[in-house]
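structure for the following, please:
(one chain, ligands or ions: 1)
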Amino acid sequence: MKSDARIYNFSAGPAVQPVPVLRQAQRDLLALPGVGMSVLEISHRSPAFEDILARAEADLRRVAGIPDDYAVLFLHGGASTQFSMVPMNLLAPGATADYVLTGSWSEKAAREARRVGNVNVAATTKPEAFRRIPRQDELRLTPDAAYVHYTSNNTIFGTQWRTPPDVGAAPLVSDASSDILSRPLHVARHGLIYAGAQKNLGPAGVTLVIIRRDLLDRSPADLATMLNYTTHVEGRSLYNTPSVFSIYVLGLVVKWVDDQGGVDAMARLSARKASALYAEIDRTGFYRGTAEPDSRSLMNVTFRLADEHLERRFIEEATTAGLDGLGGHRSVRGMRASIYNAFPEAGVAALVDFMREFERRKG
Ligand code: PMP
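Presented below is the predicted three-dimensional model:
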């Protein structure tokens with residue numbers, strides 16, 4: 001293989017990025033057109049960066065359908081910092097926040113909220129090894145909850161909500177880290193949506209927050225400045241030095257999604273890629289999908305083999321065949337094919353071929 005040839009990267013994140021985006025980033029790394037300096041070298045207060053930031057936000061608003069009564073923030077600290085910022089800003093003393101637990105990330109989010117205030121577990125599928133998303137009629141919601149938190153796609157367990165849960169008047173908060181821009185976002189049904197960028201939005205280092213402006217009134221005045229959403233709304237994500245390069249690449253990725261036909265086109269593409277893999281998993285019983293069929297994720301396809309020895313062989317041989325990153329999360333093992341927006345259909349076809357061939361030899 002040529003030393004700069006690209007392999008198929010099934011990593012759960014940081015994940016594969018669109019090739020045209022990487023090409024443009026490579027070109028602009030030496031000098032932004034008309035600026036004469038690299039995007040790594042310009043001031044975050046320069047007109048060139050102001051333009052990059054404004055364009056990224058405008059494109060994101062159009063592609064994701066974000067109404068004007070929502071602020072768009074580009075923050076630091078990953079989705080994990082949002083586990084804390086959400087309750088610090090939105091959960092007033094004495095109030096209760098509802099959490100729907102569908103995997104490790106939502107458990108972590110709930111753990112941070114408990115440090116701040118009262119948490120009610122509205123539903124959990126932990127006793128079923130997080131194999132499914134709870135049904136609407138299983139949700140035990142608190143009347144007047146401060147908000148209801150859910151994880152729209154469970155990166156580790158390979159499950160995904162088909163539609164956002166119905167939670168009445170309470171603001172709905174979504175951790176959309178691993179499926180944002182893979183389908184319509186239904187922003188108006190949410191009070192707040194957050195996502196680490198490193199799967200569907202670009203490189204690690206920037207975290208997107210979309211917050212309905214009326215919720216900003218809740219942030220306590222004595223909250224640490226950097227942890228207060230109002231700081232970043234007033235500062236237009238420039239209160240301190242933002243993750244300049246990551247925001248620049250995020251802008252390119254959003255534009256790429258737009259050029260492909262937007263989130264509807266992404267949804268069609270994801271459905272095609274995921275159904276090809278699930279069809280192969282279901283074909284004979286040699287492979288076993290870990291998620292219940294109606295909860296299956298279109299982003300992270302998780303499956304197992306009869307024993308861990310065989311799984312190790314599968315992953316090793318796949319890696320040798322140029323199919324990288326197929327090992328499941330270290331907490332659950334097995335296999336996981338992450339097929340985010342930028343993952344090519346040809347890579348899915350290559351994995352299906354490899355699975356058939358592996359089964360023929362070992363089945
Ligand atoms: N939520 C989900 C659904 C995730 O998949 C991840 C990371 N894989 C996180 C939160 C944590 O994100 P970060 O590493 O950006 O803090």
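
and for Ile7, the neighbour number?
Burial of Ile7 is recorded as 15 neighbouring residues (other CB atoms under 10 Å). Using the backbone N, CA and C atoms, a C-beta is placed for each residue, glycine as well.

any idea how far His329 is from it?
Ile7 sits 21 Å away from His329, going by CB to CB, to the nearest Å.

same thing with Gly34?
Gly34 is 44 Å from His329, by CB to CB.

between the two, which has more neighbouring residues?
His329 (17 against 6).

pretty sure the more buried one contacts Ala12?
Yes: at 7.1 Å, His329 counts as touching Ala12 under the criterion of CB atoms under 8 Å.

which residues are in contact with each of the two?
Thr155, Ile156, Arg336 (CB atoms under 8 Å, 6 or more residues apart in numbering).

which of those fall within strands?
Arg336 (DSSP state E).

Glu57 is in what secondary structure piece?
If you go by DSSP states H and E, Glu57 is part of helix 47-64.

show me what from the chain comes close to the ligand.
Gly13, Gly78, Ala79, Ser80, Trp105, Thr151, Thr155, Asp175, Ser177, Ser178, Gly196 (CB under 6 Å from any ligand atom).

reformat these as CSV; add neighbour count, secondary structure and pLDDT.
Output for the residues of the chain next to the ligand, formatted as CSV (neighbours: other CB atoms under 10 Å; DSSP: H, G, I helix; E, B strand; the rest coil; pLDDT from 0 to 100):
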residue, neighbour count, secondary structure, pLDDT
Gly13, 18, coil, 94
Gly78, 18, helix, 98
Ala79, 23, helix, 98
Ser80, 15, helix, 98
Trp105, 21, helix, 98
Thr151, 30, strand, 98
Thr155, 25, coil, 98
Asp175, 27, strand, 98
Ser177, 27, coil, 98
Ser178, 28, coil, 98
Gly196, 25, strand, 98
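
just the closest of these to Gly285, please.
Gly285 lies nearest to Thr155 out of the residues of the chain next to the ligand, by CB to CB, at 25.9 Å.

you'd agree that closest one is up against Ser177?
Yes: contact criterion CB under 8 Å: Thr155 and Ser177 qualify, at 7.1 Å.

what are the bridge partners for the residue in the stretch 201-350 of the chain that the ligand sits nearest to, then?
Here the stretch 201-350 of the chain gets closest to the ligand at one residue, Thr207, 6.3 Å apart by CB to the nearest ligand atom. In this structure, Thr207 bridges to Leu75, Gly196 when assessed by DSSP bridges.

need the pLDDT of Arg131.
Arg131 carries a pLDDT value of 98.

domains of the protein?
Under the assignment automatic domain parsing, the domains of the chain span 22-259, 261-362.

now the helices for the stretch 51-200 of the chain?
Using DSSP state H, counting those that start in this stretch, the helices of the stretch 51-200 of the chain run over residues 78-90, 104-114.

residues of the first one that come out buried?
Looking back up the chat, that one is helix 78-90. Of the residues in helix 78-90, those with enough neighbours to count as buried (16 or more other CB atoms under 10 Å) are Gly78, Ala79, Thr81, Gln82, Phe83, Ser84, Met85, Val86, Pro87, Met88, Asn89, Leu90.

what's the longest helix in the protein?
Using DSSP state H to define each element, the chain has its longest helix at helix 262-282.

just the CA coordinates of that helix, formatted as CSV?
What follows is helix 262-282 as a C-alpha-only set of coordinates in CSV (Å, rounded to 0.1, in the frame of the first residue of the first chain):
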residue,chain,number,x,y,z
GLY,A,262,-28.3,18.2,3.4
VAL,A,263,-29.5,16.1,6.3
ASP,A,264,-32.2,14.4,4.3
ALA,A,265,-29.6,13.1,1.9
MET,A,266,-27.5,12.0,4.8
ALA,A,267,-30.4,10.1,6.3
ARG,A,268,-31.0,8.2,3.1
LEU,A,269,-27.3,7.4,2.8
SER,A,270,-27.1,6.2,6.4
ALA,A,271,-30.2,4.0,6.0
ARG,A,272,-28.6,2.4,2.9
LYS,A,273,-25.3,1.8,4.6
ALA,A,274,-26.8,0.5,7.9
SER,A,275,-29.3,-1.8,6.2
ALA,A,276,-26.6,-3.4,4.1
LEU,A,277,-24.7,-4.2,7.3
TYR,A,278,-27.7,-5.4,9.3
ALA,A,279,-28.9,-7.5,6.4
GLU,A,280,-25.5,-9.3,6.4
ILE,A,281,-25.6,-9.7,10.2
ASP,A,282,-29.1,-11.2,10.0
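
nearest residue to Ser38 in space, please, no chain neighbours.
Counting by CB to CB, 6 or more residues apart in numbering, the nearest residue to Ser38 once its immediate chain neighbours are dropped is Leu29, at 5.6 Å.

next: Val254.
Among residues not flanking Val254 along the chain, Asp59 sits closest, at 4.6 Å (CB to CB, 6+ apart).

likewise for Glu308?
Arg333 is the one closest to Glu308 (CB to CB, 6+ apart), at 6.7 Å.

low-confidence stretches in the protein?
1-2 (pLDDT under 70).

which residues of it fall in strands?
8-9, 70-75, 96-101, 118-124, 148-151, 153-154, 159-160, 172-175, 192-196, 207-212, 288-289, 300-304, 323-324, 335-338.
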